[in-house]
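Novice: Okay, sequence plus prediction incoming.
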Amino acid sequence: MIAAMMVATLSAGAQNEVGQFTLKPMVGLNLASMTKAENSKMRVGVAAGIEGEYGVSEKFGVSAGLLYSMQGVKENGTVNTNISPFGPLSYTGDVTTKLDYLNIPILANYYIVKGLAIKAGIQPGFCVSKNRALKGTATAAGKYIAIDSSNKIEDGVKSFQFAIPVGVSYEYQSFVLDARYNIYVTKALKELDSRHSLFTISLGYKFSL
């Protein structure tokens, strides 16, 4: 009961200025993976962009943004591939699928107490870069070859993605620490039922217009 009274007291103060529009440049870290990827590890990447928020009420705001997001997955295994100028060969080592997106998060922000908000919404995304990096060894004609290359993925990746982001943020003196997990509804690849798994933590600076 005491805890509930404390939360109620804090919530009574103004959380969001009604009618105010703010901008928040932000940069952060992505911990990305993909479902049904064997022997996989997270791909660590960058998320950066800007978000704008409109204060609907003291406790409620609506935001939209544009973020460049480095996603994908790192796997370890053996694959048969064709790398010019070596031709067909058997490769063993790390295979990093690098898929970068322009994401458009549209969020509802509810301020529980001053500075602390929970959020959820929708996020369409568009793939702007598709590459696969190999770092390991390969055998061709009985010889071992060290491989460290990156090639563009020509086909097999869906250009459009749709996710449901959920998260929490805390604002202190205009600095905003934000943590989100993106639940992906659409498949990342055309032939496989594999979806992105993405956790993002970012730091932004919020100012009013």
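Specialist: Received the coordinates, thanks.
Novice: measure the closest residue to residue 209 other than its chain neighbours to residue 122 for me?
Specialist: Spatially, and ignoring its direct neighbours in sequence, residue 209 is nearest to residue 21 (5.1 Å; CB to CB, 6 or more residues apart in numbering). C-beta: built from backbone N, CA, C; applies to glycine. Note on residue 21: its distance to residue 122, by CB to CB, to the nearest Å, is 20 Å.
Novice: One more: residue 89?
Specialist: From residue 89 to residue 122 the distance is 43 Å (CB to CB).
Novice: in what helix or strand does residue 139 lie?
Specialist: Assigned by DSSP states H and E, residue 139 belongs to strand 116-140.
Novice: could you point out which element follows that strand?
Specialist: Next element after strand 116-140 (DSSP H and E): strand 143-152.
Novice: residues in contact with that next one?
Specialist: Contacts to strand 143-152, defined as CB atoms under 8 Å, 6 or more residues apart in numbering, come from residues 83, 86, 89, 91, 93, 98, 130-139.
Novice: what's the most distant pair in those residues?
Specialist: 130 and 139 (27.0 Å; CB to CB).
Novice: Those two: which is more packed in?
Specialist: With neighbours defined as other CB atoms under 10 Å, residue 130 and residue 139 compare such that residue 130 has more, 18 against 13.
Novice: Can you report how many residues lie near the residue nearest to the more buried one when sequence neighbours are not counted?
Specialist: Computed as CB to CB, 6+ apart, the closest residue to residue 130 that is not its neighbour in sequence is residue 153, at 4.1 Å. Neighbours of residue 153 under the rule other CB under 10 Å: 15.
Novice: backbone phi and psi for residue 153, please?
Specialist: phi -80, psi 120 (degrees, to the nearest 10).
Novice: who touches residue 44 in this structure?
Specialist: 29-32.
Novice: What distance do you get for it to residue 36?
Specialist: Distance of residue 44 to residue 36, computed by CB to CB: 20 Å.
Novice: Pairing partners for the strand or helix carrying residue 61, with directions?
Specialist: Assigned by DSSP H and E, residue 61 falls within strand 60-83. Sheet pairing of strand 60-83 (DSSP bridges) gives strand 40-41 (antiparallel), strand 43-55 (antiparallel), strand 87-103 (antiparallel), strand 106-113 (antiparallel).
Novice: Please list the residues outside the last one that contact it.
Specialist: When contacts are taken as CB under 8 Å, 6+ apart, the neighbours of strand 106-113 outside the stretch itself are 7, 10-11, 15-16, 53, 58-64, 117-123, 165, 169.
Novice: Give me the PyMOL select line for those residues, limited to the buried ones.
Specialist: In PyMOL, this line selects whichever of these come out buried by 16 or more other CB atoms under 10 Å:
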select buried, resi 15+16+53+59+60+61+63+117+119+121+123+165+169
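Novice: Grab the nearest non-local neighbour of residue 46.
Specialist: Counting by CB to CB, 6+ apart, the residue nearest residue 46 is residue 70, at 5.3 Å.
Novice: which residues sit in contact with the one you found?
Specialist: 30, 32, 43, 45-47, 98, 100.
Novice: which of those residues has the most neighbours?
Specialist: residue 32 leads those on contacts (other CB under 10 Å) with 25 neighbours.
Novice: from what I can see that one touches residue 184, true?
Specialist: No: using CB atoms under 8 Å, residue 32 is not in contact with residue 184, being 10.8 Å away.
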